[in-house]
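# Below: sequence and its predicted model.
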Amino acid sequence: MSVEEKTEFDTSRAEAFAGRVADLLDAGAAAAMMSLGHRLGLFETLAHRSAPADSATIAANAGLAERYVREWLGAMVIAGIVEYVPETARYRLPPEHAACLTEGAPLGNLAVYAQHVALFGKVEDQTIRNFETGGGTGYDDYPCFHKVMAEDSGQTVIAGLFDHILPLAPELAGRLAAGIDVMDAGCGRGAALIAMARRYPGSRFVGYDLCADAIEFALAQAHEEGLQNVSFETRDLTGYAEPGRWDFVTSFDAVHDQKDPLGLLKGLRKSLKPGGVYLMQDIGASANLEENRNFPFATLLYAVSAVHCTPVSIGQGGEGLGTMWGWETAERFLHQAGFGSIERHVLPHDPMNVWFVARV
Ligand SMILES: C[S@@+](CC[C@H](N)C(=O)[O-])C[C@H]1O[C@@H](n2cnc3c(N)ncnc32)[C@H](O)[C@@H]1O
């Protein structure tokens, strides 16, 4: 039966669906509370204790007000995240739960992504205006976007950079060690370049990003580490052209929300020297909605798209391709940009993203 066909009103279906909506509301609230727990260090506080503790002890350990912590713990217990012993009014985060909710957690810290949910609320008024007018948003409307993004890519990019990501182009490690010129397009707070600059002192690294606050952060980090081989520049990459300048160009989740993604890819290809490599990470979902039903975090990603990636592109006068533009679109654009060889990879540590290695 097609979705357009009218059917008899099915009361039990309606009731089951209302239950599903109630569950979604609870899950959304739990996600917002997870963001809070992440930012306040509460998951780490809980994880450091092996025995259950009362709310006063947990709050004291976290340096927070007990009354609020107790309410947060209530939400976490009902959500099934924290265990509760009613007889002693004590709480415990099982190590199996800490394994995906704390810094450096073996399964990745999923609480990092909960911050996007909290951001949705922060920018809701602006988002409503966008829906009403078709207009866009500036990065300044997301005061903490680059901080959240750096934490996000700290897990998907930095954590796997040397073991999984750079080996996608087997020649890179040797060339980076020997000394080459590298550029990261849309570098954000610059963590990927800083990690590479630290590891490969013989190579030279440059990061460009539209946002001055992200670049200031990157410069301060590089300065603090005393790195002489990395620099960062605030630069709008629209119409980017520096022909034949780089041996290796990267972009980590930084093409789909540009003003002109295809134009940028054309510029990046031309910026490569002969034998150069372009490494591109972007969201690995499909351009076809129906193929994304089981894609990890697909609802979250469509929401991030509606609230952030689409409006920041439209806000620059761009097309607003959105987070879910799809790997098919990315691959087609790489072909249209003139790359000769294009490989597509999905990495086990990062099923949410697709990785392209493109050569001139
Ligand atoms: C999703 S963030 C990724 C940041 C970083 N690569 C990371 O992985 O953390 C996309 C980045 O593209 C930058 N960006 C968007 N439009 C741009 C433009 N027209 N020129 C340069 N950078 C741009 C944003 O400022 C943002 O830092």
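That came through, no problem.
# For residue 274, grab phi and psi.
Note on residue 274: its backbone torsions stand at phi -50, psi 140 [degrees, to the nearest 10].
# At the contact with the ligand, which residues of the stretch 151-300 of the chain appear?
For the stretch 151-300 of the chain, the contact set with the ligand under Cβ under 6 Å from any ligand atom comprises 153, 157, 186-188, 208-211, 214, 236-238, 252-254, 257-259. Where you see a C-beta, it was placed from the backbone N, CA and C, and this is true even at glycine.
# at 5 Å what do you get?
Contact residues (Cβ under 5 Å from any ligand atom) of the stretch 151-300 of the chain with the ligand: 153, 186, 188, 209-211, 236-238, 252-254, 258.
# which is the next helix or strand following the lengthiest helix in the chain?
For the chain, the longest helix by residue count, based on DSSP state H, is helix 11-39. Next along the chain after helix 11-39, taking DSSP states H and E as the criterion, comes helix 42-47.
# right, and the helix or strand after that following helix?
The element immediately downstream of helix 42-47 (helix or strand, assigned by DSSP H and E) is strand 53-54.
# Same question for the longest helix of the chain: list its buried residues.
Neighbour-count burial for helix 11-39, counted by 16 or more other Cβ atoms under 10 Å, picks out 30-38.
# just those that are near the ligand?
Among these, not one lies near the ligand by Cβ under 5 Å from any ligand atom.
# Looking at the residues you listed, which is nearest residue 13?
Proximity of these to residue 13 (Cβ to Cβ) peaks at residue 30, which lies at 25.6 Å.
# who's in contact with the residue nearest to the closest one when sequence neighbours are not counted?
Leaving aside its sequence neighbours, residue 30 sits nearest to residue 79 (Cβ to Cβ, 6 or more residues apart in numbering; 3.9 Å). When contacts are counted by Cβ atoms under 8 Å, 6 or more residues apart in numbering, residue 79 touches 26-27, 30, 33.
# just checking, residue 242 is part of a helix?
No: with DSSP: H, G, I helix; E, B strand; the rest coil as the criterion, residue 242 is located in coil rather than a helix.
# how far away is it from residue 269?
As judged by Cβ to Cβ, to the nearest Å, residue 242 and residue 269 stand 12 Å apart.
# More neighbours: the two, which one.
residue 269 (21 against 14; other Cβ atoms under 10 Å).
# for the more buried one, phi and psi?
Main-chain dihedrals, residue 269, degrees, to the nearest 10: phi -60, psi -50.
# Which of the helices or strands spans the nearest residue in space to residue 339 that is not next to it in sequence?
By the measure of Cβ to Cβ, 6+ apart, the closest residue to residue 339 outside its immediate chain neighbours is residue 358, 4.0 Å from it. Assigned by DSSP H and E, residue 358 belongs to strand 350-359.
# For residue 263, which residues are in contact?
Applying Cβ under 8 Å, 6+ apart to residue 263 gives the contacts 238-240.
# Tell me what angle the helix or strand it falls within forms with strand 350-359.
Using DSSP H and E, residue 263 falls within helix 261-271. Between the axes of helix 261-271 and strand 350-359, defined by axes from the mean of the first three to the mean of the last three Cα atoms, to 10 degrees, the angle is 50 degrees.
# Dump the C-alpha coordinates for helix 261-271 into CSV.
Presented in CSV, the C-alpha positions along helix 261-271 are these (Å, rounded to 0.1, in the frame of the first residue of the first chain):
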residue,chain,number,x,y,z
PRO,A,261,31.3,23.4,-2.7
LEU,A,262,31.9,22.5,-6.3
GLY,A,263,33.8,25.7,-6.9
LEU,A,264,36.0,25.0,-3.9
LEU,A,265,36.7,21.5,-5.1
LYS,A,266,37.8,22.8,-8.5
GLY,A,267,40.1,25.3,-6.7
LEU,A,268,41.5,22.6,-4.5
ARG,A,269,42.3,20.3,-7.4
LYS,A,270,44.1,23.1,-9.2
SER,A,271,46.0,24.0,-6.1
